[in-house]
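Novice: Mind folding the following:
(2 chains)
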Amino acid sequence: MLSLTVHQLSKHYPTGTAALKNVSFVAQPGEGIVLLGSNGSGKSTLLRCIVGLESISQGSICVGQTSIATADAAQLRRLRRQIGIVFQRFNLVSSLSAFHNVLQGALGRSKGPRYWLPATAPQLERERAMHCLDRVRLAHVAQQRVDTLSGGQQQRVAIARMLMQDPSLLLIDEPVASLDPKAGRETMDLLWDIVRERKLTAVCTLHQLDLAKDYADRIIGLRQGAVQIDAPTSLLTDHELSWLYESSQPLAIAEATS
Amino acid sequence: MTELTPLRVWKGVFRLWDFLDQALPPDPSRLGRVIQATLETFEMGLVGTVFGALLSLPLAIGAAKNTTPSPWLSFLSRGFITLLRVVPDLIWGLIFIIVVGLGPAAGVMALTADTMGFCGKFFAERIEEIEPDPVDALRAIGASEASIIFGAILPAALPSMVASTLFALEASVRSAVVLGLVGAGGIGVELATSMQLLRYDEAFMVIIVIFVVVLTVEQVSSLIRKQIIGNHSA
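Specialist: Here you go, the predicted structure:
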């Protein structure tokens, strides 16, 4: 379990577009947060900033006690080992088997070329990888190339890879956006089971209101890069949440009057 | 170009007739030796291509923008690949004949240099085309640069790299014939000798054997390439 502190974070692209404006929040250890917002609201950029895949323009991000912006390469690698990510488009290596992809979850803690191939990886890690695949109920397709699996199965392989990595903080980027509604529900159930059983701190971006309400402990609503809502799920009404999705004109008025 | 007058072309047609008249029927008396020398040419092409492709791999990783350890190394690798490409294979042959003397060793080295110029460029381009998402995912896991190259980049690039190498093999076998003409071993040496002795019937036999070998290499190579690309898209 790790805490996550985002303090007055801003992110500008070289083109001048502001992706994030003055975002602040603290995720307590073991808390499951949903970042809610429409497309282009800055949710994914925020996640990429947290793991250091995007640079920060202003403000700070601390994971546990370590600041992302000032970490050197070795610190950043150590930090990333503790942060698991589940991506919208799975980001698996499509020409490799499901088992090989899961085994790559160990690449953060292992040094040396033994882990590059399943055949040379230590027996212990291979058993762990198989166990992780079994946890997402995909042990039967372990040797299949991932590009032959369905979208839902691929997302579960990505979840198994995350399990293999064994992180303390979990970032989930639109896990259901590339899936049909049924596979989406199953994926969310699986993810949240894992979050609860491993007591992970989780930050999940979503754009579906109903899913957010069903799973989140707390919802942070983003709109045009700024935090509009930050409250425990039980205290939020549908009316407040639907604000996030209204066309820009009415909200601009709402912002001006509030 | 100004010397290419209609009269010359007209006369040339008769000379070609003279050549064919003397060349036919081809003389198979030295067929054993010719086939042996052609196999040597094929081996030169094969060995040169394999060495060239293997050496191209680190060169391409150093040159590609998304895998290079430093922009300077990328610049140097690119420069080296360009140098290998702009010098024609025949000139590499002449240079290596000075270095290691007449014979197939010079031919193999020339073909290695030539293949590195070709494969280095194509491998680097392929590496740069790789989709960045799986690479991001492994980087986010905390994988080292070496594990990322071997875990995500090479598996995705390998089918196309093998296909490029097969193209290089076809080109190398053709080049190996010509390299023989300047003394770098193989069937080219036989062909040059027969031509200089005006034994056109022998020369014609050599040309037929070369034709069969080059055609076979191209057919087999394109068959393998189709297999790889077929599997890749499935």
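
Novice: if I pick the residue nearest to the spatial centre of chain B, what's in contact with it?
Specialist: Most central in chain B under C-alpha atoms, centre = their mean is residue B:172, positioned 2.5 Å from the mean C-alpha point. Under the criterion of C-beta atoms under 8 Å, 6 or more residues apart in numbering or on different chains, the neighbours of residue B:172 are B:44-46, B:48-49, B:52, B:111, B:114-115. C-beta coordinates here come from the backbone N, C-alpha and C atoms, glycine included.

Novice: Quick check: next helix or strand after the helix or strand harbouring it?
Specialist: Taking DSSP states H and E as the definition, one finds residue B:172 inside helix B:154-181. Using DSSP H and E, the helix or strand that follows helix B:154-181 towards the C-terminus is helix B:187-196.

Novice: Give the buried residues for that next one.
Specialist: Neighbour counts over helix B:187-196 (16 or more other C-beta atoms under 10 Å in any protein chain shown) mark B:187-192, B:194 as buried.

Novice: pLDDT and distance to residue B:73 added to these, as JSON lines?
Specialist: Listed next are the buried residues of helix B:187-196 as JSON lines, based on pLDDT from 0 to 100; distance: C-beta to C-beta, whole Å:
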{"residue": "B:187", "pLDDT": "85", "distance to residue B:73": "40"}
{"residue": "B:188", "pLDDT": "84", "distance to residue B:73": "37"}
{"residue": "B:189", "pLDDT": "84", "distance to residue B:73": "40"}
{"residue": "B:190", "pLDDT": "83", "distance to residue B:73": "44"}
{"residue": "B:191", "pLDDT": "86", "distance to residue B:73": "42"}
{"residue": "B:192", "pLDDT": "86", "distance to residue B:73": "42"}
{"residue": "B:194", "pLDDT": "84", "distance to residue B:73": "48"}
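
Novice: Setting aside sequence neighbours, what's the nearest residue to the residue in chain B positioned nearest to chain A?
Specialist: Closest contact between chain B and chain A, by C-beta to the nearest C-beta, is at residue B:142 (3.1 Å). By the measure of C-beta to C-beta, 6 or more residues apart in numbering or on different chains, the closest residue to residue B:142 outside its immediate chain neighbours is residue A:108, 3.1 Å from it.

Novice: Quick one: name whatever helix or strand follows the helix or strand bottoming out on mean pLDDT in chain B.
Specialist: Ranked by mean pLDDT, DSSP states H and E, the weakest helix or strand in chain B is helix B:6-23, scoring a mean of 81. For helix B:6-23, the following helix or strand on the C-terminal side (DSSP H and E) is helix B:31-63.

Novice: Quick one: check that next one for contact with chain A.
Specialist: No - using C-beta under 8 Å from any C-beta of the partner chain, helix B:31-63 never reaches chain A; the gap is at least 14.5 Å.

Novice: So for that helix, what gets flagged as buried?
Specialist: Quick answer for helix B:31-63 (16+ other C-beta under 10 Å): B:34, B:37-38, B:40-53, B:55-57, B:59-63.

Novice: by how many degrees do it and helix B:187-196 diverge?
Specialist: Interaxial angle, helix B:31-63 versus helix B:187-196 (axes from the mean of the first three to the mean of the last three C-alpha atoms, to 10 degrees): 130 degrees.

Novice: number of nearby residues for the residue of the stretch 151-258 of chain A found nearest chain B?
Specialist: For the stretch 151-258 of chain A, the residue closest to chain B is residue A:165, as judged by C-beta to the nearest C-beta, at 5.5 Å. Using other C-beta atoms under 10 Å in any protein chain shown, residue A:165 has 26 neighbouring residues.

Novice: cool, residue A:193 as well?
Specialist: 11.

Novice: Distance from the helix or strand it falls within to the middle of the chain?
Specialist: In the assignment (DSSP H and E), residue A:193 maps to helix A:181-197. Helix A:181-197 sits 13 Å away from the centroid of its parent chain (C-alpha atoms, centre = their mean, to the nearest Å).

Novice: Remind me what that helix packs against, helices and strands.
Specialist: Contacting helix A:181-197 under the criterion 3 or more C-beta pairs under 8 Å, 6 or more residues apart in numbering or on different chains; DSSP states H and E are the following elements: helix A:151-165, strand A:201-206, helix A:209-215.

Novice: As TSV, the ones you listed with mean pLDDT would be great.
Specialist: Below are the helices and strands packed on helix A:181-197 laid out as TSV (pLDDT from 0 to 100):
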stretch	mean pLDDT
helix A:151-165	90
strand A:201-206	90
helix A:209-215	86
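
Novice: would a markdown table of these with distance to residue B:152 be doable?
Specialist: Below are the helices and strands packed on helix A:181-197 laid out as a markdown table (distance: least, C-beta to C-beta, whole Å):
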| stretch | distance to residue B:152 |
| --- | --- |
| helix A:151-165 | 12 |
| strand A:201-206 | 24 |
| helix A:209-215 | 30 |
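
Novice: Residues of the stretch 51-200 of chain A that sit close to chain B?
Specialist: Taking C-beta under 8 Å from any C-beta as the criterion, the stretch 51-200 of chain A approaches chain B at residues A:51, A:53, A:77-81, A:83-85, A:87, A:89, A:91-96, A:104-105, A:107-111, A:113, A:115-116, A:158, A:161, A:165.

Novice: Give me the subset of those lying in strands.
Specialist: When DSSP state E is applied, those are split such that A:83-85 fall in strands.

Novice: Neighbour-wise, give me the winner out of the residues you listed.
Specialist: residue A:84 (29 neighbours).

Novice: ok, now which ones touch whatever residue of the stretch 1-150 of chain A ends up closest to chain B?
Specialist: With C-beta to the nearest C-beta as the measure, residue A:108 is the residue of the stretch 1-150 of chain A nearest to chain B, at 3.1 Å. Residues near residue A:108 by C-beta under 8 Å, 6+ apart: A:77, A:80-81, A:165, B:141-143.

Novice: Could you do residue A:179 as well?
Specialist: Applying C-beta under 8 Å, 6+ apart, we find residue A:179 in contact with A:151-152, A:155, A:187.

Novice: Does residue B:150 touch residue A:113 like I think?
Specialist: Yes - here residue B:150 reaches residue A:113: they are 7.2 Å apart, a contact under C-beta atoms under 8 Å.

Novice: higher neighbour count, those two?
Specialist: residue B:150 (17 against 11).

Novice: what's the closest non-adjacent residue to that one?
Specialist: Residue B:150 sits nearest to residue A:116 (C-beta to C-beta, 6+ apart), 4.4 Å away.
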